[in-house]
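K.L.:
make a model of this:
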Amino acid sequence: MQKDDSLNFSLWMLIYPLFFGLAIWGVYWFELNFGFDFSDYGIYPRSFKGLRGIFFSPFIHGSVSHLYSNTLPLMILSAALFYFYNKISWKVILLGILFSGLLTWFIGRPSHHIGASGLIYVLVSFIFFKGIIAKNKRLIALSLVTVFSYGSMFWFIFPIKEEISWEGHLSGFMVGLALAFIFKNEVLRKETYEWEHEDFDEASDPFLKHFDQDGNFIENTVDEAEALGQDNNSISITYHYIEKGKEKDSNESK
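P.N.:
As a prediction, this is how the structure comes out:
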């Protein structure tokens, strides 16, 4: 099977997700210790001042529970992005933040929308749909793991709870889907086996040479017969036997 050499591990693939986690917790720690409230720096829809929240809001959270619910998904999904989609990882993150923020600004309710959940929905949507589109076994497996782990998040793109920014979730989901199609070719190539290549020689394959053109199994190939010093069309069987009692009598006479 032809392997893809783009899946090379780098320590930065763990450092970047760790940095994201430390950054959002660091901002919250700064607010608590120095008496600041950065909620006003969130996205405020259809307000020129609210545009600044597009880049600030992913780092701002309203409570510890809000932080906790976003930290692990953000770190895990970004680590998967950096490993499997290393060449386009930063493009997906930056464009995801930009366009999901703009869409939230356009469709959101008149309130400050904060939190990294918009980016998380970008990552969930992108990783799931990209794996399906790419038709790569590894990426499809990653898509299935993602949907099994975070599939329940799908319901929060609808206005289920008043205090949850479903507009930010929906925006992230739609932008992630769009990016999956935009970066159509910049993914792992489809895995291929040797027998799928045009220059594959069936006659030289050690497995396929045991079968004829109709798929019937050949007991002994010509090469194996020659190696055994036998005619390919003949089989030699030698039996060895000892008459009952002969070996015992021979041993007793010694």
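K.L.:
chain center to stretch 54-74: distance?
P.N.:
Its chain's C-alpha centre and that of stretch 54-74 lie 23 Å apart, by Cα atoms, centre = their mean, to the nearest Å.
K.L.:
hey, C-alpha coordinates of it in CSV?
P.N.:
Taking Å, rounded to 0.1, in the frame of the first residue of the first chain, the C-alpha atoms of stretch 54-74 are listed here in CSV:
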residue,chain,number,x,y,z
ILE,A,54,-14.5,38.6,15.8
PHE,A,55,-10.9,38.1,16.9
PHE,A,56,-11.3,38.8,20.7
SER,A,57,-14.3,36.7,21.5
PRO,A,58,-12.7,33.2,21.1
PHE,A,59,-10.4,34.1,24.1
ILE,A,60,-13.2,35.5,26.4
HIS,A,61,-15.4,33.2,28.5
GLY,A,62,-18.1,34.0,31.1
SER,A,63,-17.5,31.3,33.7
VAL,A,64,-15.3,28.4,34.7
SER,A,65,-17.9,25.9,33.4
HIS,A,66,-17.9,27.8,30.1
LEU,A,67,-14.1,27.5,30.0
TYR,A,68,-14.1,23.8,30.9
SER,A,69,-16.7,22.9,28.3
ASN,A,70,-14.6,24.6,25.5
THR,A,71,-11.0,23.7,26.6
LEU,A,72,-10.8,20.0,25.9
PRO,A,73,-12.7,20.0,22.6
LEU,A,74,-10.6,23.0,21.4
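K.L.:
what is the mean pLDDT for it?
P.N.:
Taken as a whole, stretch 54-74 has a mean pLDDT of 96.
K.L.:
how about the closest residue to Gly115 other than its chain neighbours, what does it touch?
P.N.:
In this structure, Gly115 finds its nearest non-sequential neighbour in His61, 5.5 Å apart by Cβ to Cβ, 6 or more residues apart in numbering. Just so you know, the C-beta spots here come from the backbone N, C-alpha and C atoms, and that holds for glycine as well. Shown in contact with His61 (Cβ atoms under 8 Å, 6 or more residues apart in numbering): 24, 27-28, 67, 70, 114-116.
K.L.:
and if we set it to 7 Å?
P.N.:
The contact partners of His61, taken as Cβ atoms under 7 Å, 6 or more residues apart in numbering, are 24, 28, 67, 70, 114-115.
K.L.:
just the helices in the stretch 1-150 of the chain please.
P.N.:
Ranges of helices in the stretch 1-150 of the chain, per DSSP state H, counting those that start in this stretch, are 12-34, 53-56, 64-84, 89-107, 117-134, 137-150.
K.L.:
surely Arg95 touches Leu179?
P.N.:
Let me fix one detail, which is that residue 95 is Leu and not Arg. Yes: in this structure, Leu95 is within contact of Leu179 by Cβ atoms under 7 Å, at 6.3 Å.
K.L.:
those two: who's more crowded?
P.N.:
Neighbour count, other Cβ atoms under 10 Å: between Leu95 and Leu179, Leu179 has more, with 22 against 18.
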